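Colleague: predicted model and sequence below, questions to follow.
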Amino acid sequence: MWFWIGKERVDRAKKYIESNMEKLEIVRHILRDVGHGRFVSDAGGFAWAPSNVALCKYWGKRDAELNLPVTSSLSVSLGNKGASALIRHINGGYCVTKRVHHLCENGAPLNGGDNYTVNGEVVGRATKFAERLKKFLDLFRPTGVDYSVEIITNVPIAAGFASSACGFASMVQALNQLYGWRLHKSDLSILARLGSGSACRSIFEGFVEWQRGEQADGMDSHGIALAYIWPELRLGMLAISNQEKSVSSRDAMQHTIDTSSLYMDWPIRVEQDLSDIKTALANKDFMLLGRVAENNAIAMHAAMESAIPPIIYSLPETFAMIEKVQQLRLAGVPVFFTQDAGPNLQLLFLSADEPMVVSAFPGLEVVSPFIDNRVEQVVLVDSNDAEIGTGEKLSVHIQGKLHRAFSVVILREKNGEVEMLLHQRASSKYHSANLWSNTCCGHPRPGEDLMVAAKRRLREEMGFGVELKKVGTFQYNTRSLDTGLSENELDHVLVGYSDLEDFSFDPSEVQNYCWVEIGQLRQDIQDNPHRYTVWLPLVMNSFCERSGLIE
Ligand code: PMV
């Protein structure tokens, strides 16, 4: 392992940076066997990647061209916070399909007319952001090709919530799909690193280590998924300012290396922090994890604040919030913070303390890295429910592909009337948030039996299990104007009976529940359709017809 322990080592590192291995050579090397450009998907390439927060930070490059880090780092992905990218070929408005292309000699486009949108807004070609995207896409651009890139993200851009990490990771995976490369994740991670260092960790989910590697070409410097799972872990996104940061992390890192005397100690410290964090993960020792992650962030900011002139990302509100975290901890609530290159904080705590933390920080956005997972796979079917493939859940809903789903209806008889158990969808759901619907809905995973999946979701969402019976199937296809997502589902309706009054439901899925008499429900759906999901009336028809509950 190579440590920096003195000024001469810093000089040596600068020389390393100047040796400048070209990014394009790395791309060519990775794509050498995949026939780059021979296959171009008509549907474009689509991928989603999570954002990530480093618990042990990456700060400092040993090669500024290839984004090779001085040290290894370790992060956790941010559940359903991230970005999706849809990348297509556009040339004069038509899609270039299945033609043979070759990389340009210098990686530059012939006509340079890409179109970029972020959350539906067109990104001006003259902006720094567009220039950065274009420079990255030039690495992969077959001769004469322009790209259309549509990015949708739920993290603020360039404000220290790792938007570039999920942005570049989703783009690399979308290109992998567009061109049918079928690359190994470690290669995708290397390609994402060429866009932004921390993006190499966003190719994976959960805890991820970016191993610094030893090779000058960086072929051993990529993320690896760590086999630790911690479902109780929570992260709170404490937004202090969404303003774009004044100094990029690239410039700030270099300036810290060049002028901060404290940087000398950073690699030694990281070595110890990484080892302590892994011990904490293996033993689920939250106090150790929180203490080391918090101190690591403080040390990174101390190093840049001691640069000449100093780089200070924190705002007065940042310090006020840090003080509040410490007060809460003194009051006995185990909560810690970490901070990237921006004024915002990420709080670390466990699910049991979530109510206390949220009441101390009203409006805190809470992420469950091991629960809020959007990259679940669903089963694609034809209209006879025959399986024709699988697809990533969000992409299937964006592209409107027909897939298998189920709706569970739990009934009871009370005072001679039949009642249905309804649930109100959580406010954080990716579609139909806050609306009332049947007891539980979901999608079987590839290879998972319909009944098993329905019972699993009923337990996960509503906290109980009963026998279920299939009573019908219907197909429906609607597109939400709010989210642009389509529900094109072959929906199996499963009915069960229960007398339970109280349910320990999962608050990240469900915010409320109630029993309603069937006739009353049908009337209210007619009077107030905006309160209910679009599929609820169809579910009602399906099971009411079968069970003779329709007059
Ligand atoms: O990947 P970059 O160049 O945006 O650098 C990210 C640096 C930090 O977010 C501050 C730390 C990290 O490891 O994510």
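Modeller: Received it, and whenever you're ready, just let me know what you need.
Colleague: for this structure, what spans make up the helices?
Modeller: Ranges of helices in the chain, per DSSP state H, are 7-19, 23-30, 128-138, 163-178, 185-195, 249-259, 266-283, 286-305, 316-330, 354-360, 393-399, 450-462, 518-527, 536-547.
Colleague: for the ligand, what are the nearby residues on this protein?
Modeller: 54, 57-58, 73, 164-165, 196-198, 249-250, 340-341 (Cβ under 6 Å from any ligand atom). Where C-beta positions appear, they are placed from N, C-alpha and C, glycine not excepted.
Colleague: from residue 129, how far out is the closest residue to residue 324 other than its chain neighbours?
Modeller: Closest residue to residue 324 apart from its sequence neighbours, by Cβ to Cβ, 6 or more residues apart in numbering: residue 360 at 6.8 Å. With the distance defined as Cβ to Cβ, to the nearest Å, residue 360 ends up 35 Å from residue 129.
Colleague: which residues does the residue of the stretch 151-300 of the chain at minimum distance from the ligand contact?
Modeller: Closest approach between the stretch 151-300 of the chain and the ligand, counting by Cβ to the nearest ligand atom: residue 198, at 3.3 Å. Residue 198 sits next to 52, 54, 58, 73, 75, 162, 164, 165, 210 when contact means Cβ atoms under 8 Å, 6 or more residues apart in numbering.
Colleague: try residue 195
Modeller: 136, 164, 167, 168, 171, 172.
Colleague: thought the last one was touching residue 191?
Modeller: The one in question is residue 172. Yes - taking contacts as Cβ atoms under 8 Å, residue 172 lies within contact range of residue 191: 4.7 Å.
Colleague: roughly how far does the residue of the chain most remote from its centre sit from residue 544?
Modeller: Residue farthest from the centre of the chain, counting by Cα atoms, centre = their mean, is residue 416 at 48.0 Å. To residue 544, residue 416 is 17 Å away according to Cβ to Cβ.
Colleague: burial count for residue 136?
Modeller: The tally of other residues near residue 136 (other Cβ atoms under 10 Å) stands at 22.
Colleague: show me what contacts it?
Modeller: 168, 171, 194, 195.
Colleague: now the second one, nearest residue through space, not along the chain?
Modeller: When you say that, I think you mean residue 171. residue 85 (4.6 Å).
Colleague: over to residue 208?
Modeller: residue 201 (4.4 Å).
Colleague: doesn't residue 52 make contact with the one you found?
Modeller: Yes - using Cβ under 8 Å, residue 201 is in contact with residue 52, at 4.9 Å.
Colleague: picking that back up, how many neighbours does the residue nearest to residue 324 have?
Modeller: The burial count for residue 360: 18, using other Cβ under 10 Å.
Colleague: same check, this time on the one 4 residues further on
Modeller: Using other Cβ under 10 Å, residue 364 has 18 neighbouring residues.
Colleague: all numbers from here: first residue = 528
Modeller: New numbering, starting at 528: the last item is residue 891.
Colleague: state the distance from it to residue 862.
Modeller: From residue 891 over to residue 862 (counting by Cβ to Cβ), the distance is 10 Å.
Colleague: same deal with residue 826?
Modeller: Relative to residue 862, and taking Cβ to Cβ, residue 826 is found at 19 Å.
Colleague: the more surrounded of the two?
Modeller: residue 862 (25 against 17).
Colleague: now do the phi/psi pair for the more buried one.
Modeller: When read as degrees, to the nearest 10, the backbone of residue 862 gives phi -140, psi 140.
Colleague: pLDDT score for the nearest residue to it once chain neighbours are set aside?
Modeller: Leaving aside its sequence neighbours, residue 862 sits nearest to residue 876 (Cβ to Cβ, 6+ apart; 4.4 Å). pLDDT for residue 876: 98.
Colleague: which residues touch the closest residue to residue 677 other than its chain neighbours?
Modeller: Distances taken as Cβ to Cβ, 6+ apart place residue 613 nearest to residue 677, at 4.4 Å, with adjacent residues excluded. By Cβ under 8 Å, 6+ apart, the residues touching residue 613 are 571, 572, 573, 676, 677, 701, 925.
Colleague: between those, which is nearest residue 562?
Modeller: residue 572 (15.6 Å; Cβ to Cβ).
Colleague: thinking again about what came up before, could you dump the contacts of residue 663 to JSON lines with distance to residue 1060 and pLDDT?
Modeller: Formatted as JSON lines, these follow (distance: Cβ to Cβ, whole Å; pLDDT from 0 to 100):
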{"residue": "695", "distance to residue 1060": "35", "pLDDT": "97"}
{"residue": "698", "distance to residue 1060": "33", "pLDDT": "96"}
{"residue": "721", "distance to residue 1060": "43", "pLDDT": "96"}
{"residue": "722", "distance to residue 1060": "38", "pLDDT": "95"}
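Colleague: and which of the residues you listed is nearest residue 857?
Modeller: For the contacts of residue 663, the nearest to residue 857 is residue 695 (39.7 Å; Cβ to Cβ).
Colleague: verify the stated contact: the closest one with residue 726.
Modeller: Yes - contact status for residue 695 versus residue 726: in contact at 3.7 Å, counting by Cβ under 8 Å.
Colleague: overlap in contacts of these two?
Modeller: residue 719.
Colleague: where does the stretch 878-1027 of the chain dip in pLDDT?
Modeller: 899-902, 955, 957, 1008-1011 (pLDDT under 70).
Colleague: any chance you could map the strands in it?
Modeller: For the stretch 878-1027 of the chain, the strands defined by DSSP state E, counting those that start in this stretch occupy 892-894, 904-908, 914-919, 930-941, 944-952, 963-964, 967-969, 996-1006, 1013-1024.
Colleague: ok, the residue nearest to residue 724 when sequence neighbours are not counted - how many residues close by?
Modeller: Using Cβ to Cβ, 6+ apart and skipping residues adjacent in sequence, the residue nearest residue 724 is residue 594, 4.2 Å away. Neighbour count of residue 594, defined by other Cβ under 10 Å: 24.
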